[in-house]
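1. Pasting the sequence and the predicted coordinates here, then a few questions.
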Amino acid sequence: MARRKHPALQYADDVISGKQVACKAVRLCVERHLKDLETGKDRGLYFDEEAAQYVLDFFGYCRHYKGEWAGQVIDLEPWQQFRHWVLFGWMRDDGLRRFREAYTQVGRGNGKTTEAAAIGLHLAFYDGEPGGEAYSCATKRDQARISHKAAIKMVKKSPELKSDIGIRRDNLFCEATDSMFEPLGADADTLDGLRPNVVLVDELHAHPNGKMLDVMDTGTGARRQPMLYVMTTAGDDLTSVCYDQYTYAMQVLKGVIQDDTFFVYIAELDEGDDWEDQALWVKPNPNLNVSVKLDDLQRKAKKAKMIPGRLNGFLTKHMDMWVRQVSRWIDLDSWDACSPVDPENHEAVRAYIDKMEHELEGQPCLAGLDLGYARDLSAFALIFPPKEEGGNYRLVTRFWMPEESPERVLPKYREQYEVWLREGWIIGTPGNVVDYGIIERDMLRLAEIYEIREAAFDRMFAGQLAQNMQGHGWVMIATSQGFSGMNAASREFETLILDGRLDHGGHPVQRWMVDCVSIQENSGGNIRPAKPERKTGKKIDGVTAAIMGLGRTILHEEEGPSVYETRGILTV
């Protein structure tokens with residue numbers, strides 16, 4: 001008889017085959033693992049099945065402490081086994097764990113607290129870390145006690161754990177290893193001086209800011225293989241630290257950002273799914289018919305339908321959906337389909353862009369310039385119209401930023417910026433303030449290669465550079481980035497992408513910005529890209545520049561030869 005496949009591996013197979021109903025993010029999680037099995041060794045990674053199984057086996061010493069399974073050994077479901085199989089099985093060449101941070105987002109009632117308690121016990125007392133410090137963190141200490149209390153009850157119910165771990169008030173400890181496990185609230189007198197090797201964060205969406213997360217993450221620096229273990233449900237605040245983490249996590253899954261230390265598992269209802277379709281409820285609730293009861297969801301869904309004020313709560317808590325106040329604009333799959341190369345293969349992307357730019361030499365184009373603040377990114381985009389009706393537009397983009405700027409961006413993006421600078425996707429200017437002279441120089445060099453007929457610019461930030469370029473004979477068009485100035489070009493940009501008619505070559509920085517951009521619509525039905533809040537670290541300069549250039553292209557196509565070629569700067 002054939003040997004039964006490991007549940008974690010069977011789950012992965014079932015997700016890929018479609019036998020297991022799963023959302024797009026879960027499929028991306030599985031695909032990431034399978035791809036890493038093929039390519040991880042090139043990045044100094046390998047998979048250790050024994051290390052993975054060691055953690056899964058530990059759950060066998062932990063017991064449920066309430067409800068219908070109280071007193072029974074925890075028997076992980078396949079989706080739970082897969083997550084921990086991947087999280088703890090991947091290793092670096094030095095023998096330490098690959099993943100240092102885990103972000104798991106699932107609907108309410110899917111066993112987050114129980115899992116977090118068991119993982120806290122394992123990493124605090126059985127991970128080979130002398131003087132281990134584990135903290136169960138929440139906005140208030142009383143909330144932090146919830147998962148910590150679960151850990152205490154697990155110890156009390158397990159003879160094996162009780163023989164190793166002592167209980168003193170709110171503190172779990174092990175004298176032999178000098179290790180401890182405590183609850184910790186953001187309202188504590190001080191968070192400084194802590195040196196955790198494991199930080200458990202339950203319901204990150206309830207945190208008002210990222211201060212606690214940052215302090216605890218900083219404190220792990222002295223540990224060999226720390227773990228920041230976040231489990232949450234979606235929230236309703238798109239300016240929150242949790243939504244920032246969610247956005248970053250999705251970019252890691254999509255390959256927009258490469259972060260080999262960051263594990264992601266997000267179970268949610270996909271955009272466009274009908275929330276009333278019960279066949280899809282397993283997507284955000286992988287523990288459906290186990291810890292999540294179908295009849296309970298049905299009852300809550302009925303109330304959500306009948307009482308409008310309850311709908312958003314049902315969607316966030318049980319469908320695990322971020323209820324958006326601004327809409328994510330461009331689907332990344334549609335963007336990727338506009339280029340014939342694998343966007344995650346930077347060598348192939350570079351070769352294709354070099355070939356495309358060579359083919360475009362001497363051809364006419366129109367441009368958009370979006371200058372950032374002194375320490376920010378700046379973008380210049382060239383739009384090449386098709387030679388024949390119905391053909392593809394082509395996009396060439398340049399980015400600049402001060403070489404010292406990565407030290408000032410959010411830590412989660414810092415390494416990626418450094419990679420982009422090193423690989424030449426962003427042109428670095430010396431110092432910590434952008435050198436507009438270098439941007440001017442590079443624009444003039446592009447004008448020697450391409451026939452740049454005119455360039456749109458943001459009147460708020462690029463006035464002096466526009467004057468300089470006019471002095472070089474350029475036609476510069478001051479363009480509003482408000483609804484009236486961006487609506488027509490934004491709609492055309494969207495249409496070209498959906499039709500697969502904007503060949504952008506797969507530039508990784510532009511791809512990241514496309515994934516960051518949301519759309520705003522005013523009462524008149526006009527749209528424009530929504531500028532992200534600065535604290536999020538997201539950028540859309542390349543998208544804005546491309547839309548501005550496309551706006552000039554549209555006018556040229558309508559008017560024929562430019563009427564502005566002898567006018568210099570014009571304001572629209």
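-> Perfect, thanks for sending it. Numbering: from 1, shown residues only.
2. The protein - how does it break down into domains?
-> 7-325, 328-571 (automatic domain parsing).
3. how many neighbours does residue 523 have?
-> For residue 523, the tally of surrounding residues (other CB atoms under 10 Å) stands at 6. C-betas here are computed from N, CA, C, even on glycine.
4. Surely it is in a helix?
-> No: Residue 523 is assigned coil when assessed by DSSP: H, G, I helix; E, B strand; the rest coil, not a helix.
5. pLDDT score assigned to it?
-> On pLDDT, residue 523 comes in at 75.
6. what residue ranges in the stretch 51-200 of the chain score low on pLDDT?
-> Residue ranges of the stretch 51-200 of the chain with pLDDT under 70: 186-192.
7. all strands in it, in order from the N-terminus.
-> Ranges of strands in the stretch 51-200 of the chain, per DSSP state E, counting those that start in this stretch, are 90-92, 101-105, 133-138, 166-168, 171-174, 179-185, 198-202.
8. Columns distance to residue 467 and mean neighbour count on top of these, output as a markdown table?
-> Below are the strands of the stretch 51-200 of the chain laid out as a markdown table (distance: least, CB to CB, whole Å; neighbours: other CB atoms under 10 Å):
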| stretch | distance to residue 467 | mean neighbour count |
| --- | --- | --- |
| strand 90-92 | 52 | 20 |
| strand 101-105 | 47 | 23 |
| strand 133-138 | 53 | 27 |
| strand 166-168 | 71 | 11 |
| strand 171-174 | 67 | 18 |
| strand 179-185 | 55 | 23 |
| strand 198-202 | 51 | 27 |
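9. weakest of the domains of the chain by average pLDDT?
-> When the domains of the chain are compared on mean pLDDT, domain 328-571 scores lowest, with a mean of 88.
10. mind checking how far residue 362 is from residue 299?
-> Per CB to CB, to the nearest Å, residue 362 is found 68 Å from residue 299.
11. before we move on, what about residue 437?
-> 66 Å.
12. Of all the strands of the stretch 51-200 of the chain, which one comes closest to residue 351?
-> strand 90-92 (29.7 Å; CB to CB).
13. how far is the closest one from where the chain is centred?
-> 22 Å (CA atoms, centre = their mean, to the nearest Å).
14. now do stretch 359-374
-> Distance, centroid of stretch 359-374 to centroid of chain: 28 Å (CA atoms, centre = their mean).
15. What is the end-to-end distance of it?
-> Its first and final residues considered, stretch 359-374 spans 34 Å by CA to CA, to the nearest Å.
16. what's the burial count for residue 307?
-> Neighbour tally, residue 307, other CB under 10 Å: 11.
17. Now do the buried residues in the lengthiest helix in the chain.
-> Assignment by DSSP state H gives helix 541-559 as the longest helix of the chain. Residues of helix 541-559 classed as buried by neighbour count (16 or more other CB atoms under 10 Å): 541-556.
18. Would you mind giving both backbone torsions of residue 339?
-> In terms of degrees, to the nearest 10, the main-chain angles of residue 339 are phi -120, psi 140.
19. How about the contacts made by it?
-> 349, 352, 503-506 (CB atoms under 8 Å, 6 or more residues apart in numbering).
20. and the residues you listed, which are buried?
-> By 16+ other CB under 10 Å, those give 349, 352, 503-506 as buried.
21. Pick out the residue closest to the middle of the protein.
-> residue 248 (2.1 Å; CA atoms, centre = their mean).
22. The residue lying closest to residue 124 once chain neighbours are set aside and residue 148, how far apart?
-> Distance criterion CB to CB, 6 or more residues apart in numbering; nearest residue to residue 124, sequence neighbours excluded, is residue 134 at 3.5 Å. The gap separating residue 134 from residue 148 is 9 Å, by CB to CB.
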